[in-house]
Each structure stands twice: as structure tokens, then as C-alpha cells.
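Peer 1: got a structure for you, letters missing:
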């Protein structure tokens, strides 16, 4: 399981790739690059980020204008002249467009009702945040928010339990998704709006129609409607966490917790589905028990 | 003001454009076109639609494959072998992409926080439905839903009061927006995925950053926060309509009605803003009254 220690180790390892390493030409190039004037003179509270050029190796793209790379890897909290804000906007639009076209052409038998959730799963913040973690893009980010390190640690632990997609059961730190979007935006701008140079391999493996699951909340709703069971969510809030109970037929059948209401509801619905499936789909077991 | 009569008149007028009219070559071409076999043999309940070719004149694009045009103008309610469902998906993605790129390049000074609502206003269902009405695309739609005619009539009357954008104060019939999206999708597919052939002039005039208004609900929230006024929405539901009262400082200051909760809330917020602005921004008037 990935931990905070891994994160620091990654930083250390990658910082050590000196002039003889695989990034030798990029390191040499770096020296020639003129650094932009910073707006802020305040001391940054962020951890020491890796030099930008390592990202070019990960992306498989060499920038003509390195300022775009710097912009893409600067979080608004850094309080610099530029940040990734605008590049994130155009990068998100590029990925949305390329994914829409790919899914539309790859699945001629799917209607809009199946293409839309398929695209949502493949261009979700969670998917992009996973890319930032799995391809180790995040250690290159400049930021000034102490909580980010803890958020990365928690997210890395949580996705370990859900190798492909968590189906709205965990919270995604938005800045992790933003990194990937802003880098794609930077490549798009640097390549003079050439969509062919945007490397889609980082998005692989794509979630297929067969792998796409409906959210537990929707699944519970469908199940209860079919069985004619009345159900509702009972909500509570304690120490900044939502606590949700699923009540089916006047009984609590599942409980979920989360800093976000949707996640807590999906957690509760998943627990409820596991329990009521046992009760309602195994009448033999029930009869034996009686 | 446009009425039901106008709608029928449009249909009649456009049907009369015979072989000597501006669409003469398209009418001749139509005769050579082999019609697709229909899935349904049931009698359609839709009004008699105009022949497809008139749309080519409006779009300024001649289709190589007229089946795409037929597909784009067939609503799912028609119960035919194909409908506009998939073309609407790709058309929406094409417009979203082209608009994102255009706004990003046209407004280099705007951050993501202003680009996102600007794009939302320019690629909204309301905007697309207005195009279908203003460029008279809707009389070409094949459908089997009697309520559509009334929905078109109401929408035409309502947009008359809001010439540019209604700001979530009126209900948009989704099928009117779908027509435009599916036609753009059909042009994209017919032109072998060429984005240059998609004619953006139909989207003109675009809503500019200066013309972009915040929703009344958000505006009310900001106003009350600034003034330190407690406020909430009080909801009721009567004969399929939401009735929303805005309570500020324990007084009802605005009421809104709508078949849709969001619209009713915005109507109520708009009324509330009109009233509380008079009270809180004109202390002189208040003092004089006292």
C-alpha cells in the first residue's frame, strides 16, 4: 500500500536523476531556460517539488515553450503570477472531446443513454486523479496547502481497494485531477492546437461498457422498486462527517460515512445491498434458519 | 408574438416552396433518394413535418448521405428504426469543444471561474432551443408526441420576454435543443469528422462576458450574505407546480411559480431581489416614509 513515506521516497529518487540519467538532455536544456519572474516573494509552504522536465518524459512530449509546463504545474495556492487555472479549463475540454469522439466511433451499437455514463466514468475527476498518482505526476506540482500531502496519502490508500473505479465510494482530491487536465491543456497549446499530439495512452485502460457499474444508490432504488419495498435514507451529521442509514421496510439495513453526502449515501446503499441481497435473494437460507 | 397559428403557417409556407423555389435543386435531388425502410407501421400522431432538404439551406450544408439528415430529424417518439439519440450525443460534444476552444482563445484574460459559466450560457439547452425556433429548424422534426406543439408555443411566447437569455427563468423543451445538436452531429459525421465544416454562425450572437448575468438565486445569496440577512426558500407544491416563497428576516419578500423547482426558485429570487433592493438600497426613501 502506498504511504506518505513512499511519496517522500519518490520525491527523493526522482530528484537524484542527475545529468547521466535518462533525463540528461532535458536537465541540460533546463539550465538554458530563463525562469519567469514570480509575483509572490512569500515563503512557500509546499513540499519541495521535482524539476519540471521529468514530466516531459512521463508525457512523452517535449515542450517548445517551457513556461506552459510551469503554468500547468502551479496550483493557485502558490500565489504566483500564473497558475494552472486556464490550462485546466482547456485540457478538460480537449479530453472530453477526444473521449466523446472515441467512444462514439468505438461503440456504434450504444445509444446516448449508455454513452453518457460511459464518458462520465472515463473523464471523471477520479480517473484523472488516478492517472496523476499512477504515473507519478503529482510530485511535480507547486502548491502551498499543507493538507494536500494528507489528501494524497488517503486517496492512494483508498484506490488500492478499488483497482479500476470506485463508483462514487471515495472522495477524490480535485487538485490531483487538475494536474492531468492542465498538462493536457499545456500540450494542446504548445503544439499549436494539434489534437493528434495529445497522448491518450495515459488514459488507458479505459472503462468498457461491460465494466461500467451503476452507482449503489441507483442499484438499491431499482432493487427496492422491483421488490415493492419502501426505503429511505436517514441522515445525521457528526464531526464534519455525514452518517447515513438506509431504512428498508422499517429496518436499518446499511450504514455509510463520508465527508461528502453522496459518498456516504453510496457507502450506505452498498452496505444495504449486500445485506438485503442475502435476505431477499436467499429464501432457502431464510427458511432453513426458521 | 409567435403563436400556434404562426407555427402552422410556417409549415404551410415552407411546404409550398416547390421546384422553382430556392430549394429547386434539393427538391430534384430528393426524388432520387431512396427512402429507408421504417421499423414502425403505426400511424404517426405528429404534425406533418417539412421535407428534410429545407434544413440543408438553413445549415448551408449539403449532405452526401441524406440518411444522416433523416436520422437527425427523427425524435425517439416516432418509433422508427433510427432516431437522433446518438447524433445528439456527438453533436453536443462537437459544439462543447468548439465553444470551449473559441472562448479560451478569444478571452485570454478570463480565468476558469469566468470561462465555465460563459461556456454554460453559450452551449445551454436554452440557447440551442432558441436556435431551433429562430432559424425554424423545428418544423422539420418527425415526432409522435402531442404535447410538443403546445411546448413550442409556450417557449416561443416566453423567449419573446427575454431576447438574449432567460437566466433560468423559463422552462426549455429539451427536444428543441436536441434538434440543433443532432444536426451538428449529422454534419460532423457526413463531413468525415471535419470540424471546419460545422457552421458556427447559427450560434451567433454569442453571449459575451459583459452580458453574462448570474442567476437570481446566486445573486440573492450574495446580497444577503453581504448584508448579514438570514434567508431561506419555503416550498409548496400545488397542481404540478412548485410554489416558492423567499423569506428574508422572517418576511416573505418574493414568490415564484414553475413546473420545475429551479425555475420557481429563480423566479422567487428575482422577485425578492426587486423588493429588497428597494428596501435596503434606498434608506432615504425608507427614512422619508418613516
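Peer 2: In hand now; what should we look at? Not measured: the values here are computed from a predicted model. Numbering: from 1, shown residues only, chains lettered A, B, ... in the order given.
Peer 1: Can I take it that residue A:242 is in a strand?
Peer 2: Yes. Residue A:242 forms part of a strand when assessed by DSSP: H, G, I helix; E, B strand; the rest coil.
Peer 1: Surely it and residue A:264 touch.
Peer 2: Yes. Counting by C-beta atoms under 8 Å, residue A:242 does reach residue A:264; the two are 3.9 Å apart. C-beta here means a position set from N, CA and C on the backbone, and glycine is covered the same way.
Peer 1: of all the residues in chain A, which ones are close to chain B?
Peer 2: Contacts of chain A with chain B, taken as C-beta under 8 Å from any C-beta of the partner chain, map to A:85-86, A:88-90, A:93-94, A:96-97, A:100-101, A:104, A:110-113, A:115-116, A:193.
Peer 1: give me the low-pLDDT residue ranges for the stretch 51-200 of chain A?
Peer 2: Within the stretch 51-200 of chain A, the stretches with pLDDT under 70 are A:164, A:167-168, A:199.
Peer 1: which residues in it form strands?
Peer 2: Using DSSP state E, counting those that start in this stretch, the stretch 51-200 of chain A contains no strands.
Peer 1: And chain A, what are its domain boundaries?
Peer 2: Domain segmentation of chain A under automatic domain parsing yields A:4-203, A:216-289.
Peer 1: can you pull the contacts of the nearest residue to residue A:135 once chain neighbours are set aside?
Peer 2: Counting by C-beta to C-beta, 6 or more residues apart in numbering or on different chains, residue A:135 lies nearest to residue A:58, which is 5.4 Å off, once chain neighbours are set aside. Contacts for residue A:58 (C-beta atoms under 8 Å, 6 or more residues apart in numbering or on different chains) come out as A:135, A:136, A:137.
Peer 1: and of the residues you listed, the nearest to chain B?
Peer 2: Distance to chain B across the contacts of residue A:58 (C-beta to the nearest C-beta) is lowest for residue A:137, with 19.1 Å.
Peer 1: which ones are touching the single nearest residue of the stretch 151-290 of chain A relative to chain B?
Peer 2: Residue of the stretch 151-290 of chain A nearest chain B, by C-beta to the nearest C-beta: residue A:193 (7.4 Å). Listed by C-beta under 8 Å, 6+ apart, the contact set of residue A:193 reads residue B:101.
Peer 1: For chain A, which segments count as helices?
Peer 2: Assigned by DSSP state H, the helices in chain A fall at A:4-15, A:24-32, A:53-59, A:66-72, A:85-106, A:112-122, A:125-134, A:147-161, A:174-190, A:216-227, A:261-280, A:283-289.
Peer 1: Compare the contacts of residue A:58 and tell me which is most surrounded.
Peer 2: Among the contacts of residue A:58, residue A:137 has the most neighbours (other C-beta atoms under 10 Å in any protein chain shown), with 24 neighbours.
Peer 1: In space, what's closest to that one - neighbours in sequence excluded?
Peer 2: residue A:179 (5.2 Å).
Peer 1: Just to check, that neighbour is in contact with residue A:141?
Peer 2: Yes. Taking C-beta under 8 Å as the definition, residue A:179 is a contact partner of residue A:141 at 5.7 Å.
Peer 1: Give me the common contacts of the two.
Peer 2: residue A:73.
Peer 1: Show me which residues of stretch A:96-104 are buried.
Peer 2: A:96, A:97, A:98, A:99, A:100, A:101, A:103, A:104 (16 or more other C-beta atoms under 10 Å in any protein chain shown).
Peer 1: got the contact list for the fourth one?
Peer 2: With contacts defined as C-beta under 8 Å, 6+ apart, the neighbours of residue A:99 are A:119, A:122, A:123, A:203.
Peer 1: And it, how far from residue A:195?
Peer 2: To residue A:195, residue A:99 is 12 Å away according to C-beta to C-beta, to the nearest Å.
Peer 1: And for the first one?
Peer 2: Spatial separation of residue A:96 from residue A:195 under the definition C-beta to C-beta is 12 Å.
Peer 1: swap in the second one?
Peer 2: The gap separating residue A:97 from residue A:195 is 8 Å, by C-beta to C-beta.
Peer 1: from what I can see residue A:56 touches residue A:69, true?
Peer 2: Yes. Between residue A:56 and residue A:69 a contact is recorded at 7.3 Å, counting by C-beta under 8 Å.
Peer 1: between the two, what contacts are shared?
Peer 2: Taking C-beta under 8 Å, 6+ apart as the contact rule, residue A:56 and residue A:69 both touch residue A:63.
Peer 1: out of the two, which sits in the more crowded spot?
Peer 2: Comparing residue A:56 with residue A:69 by other C-beta under 10 Å, the one with more neighbours is residue A:69, at 25 against 18.
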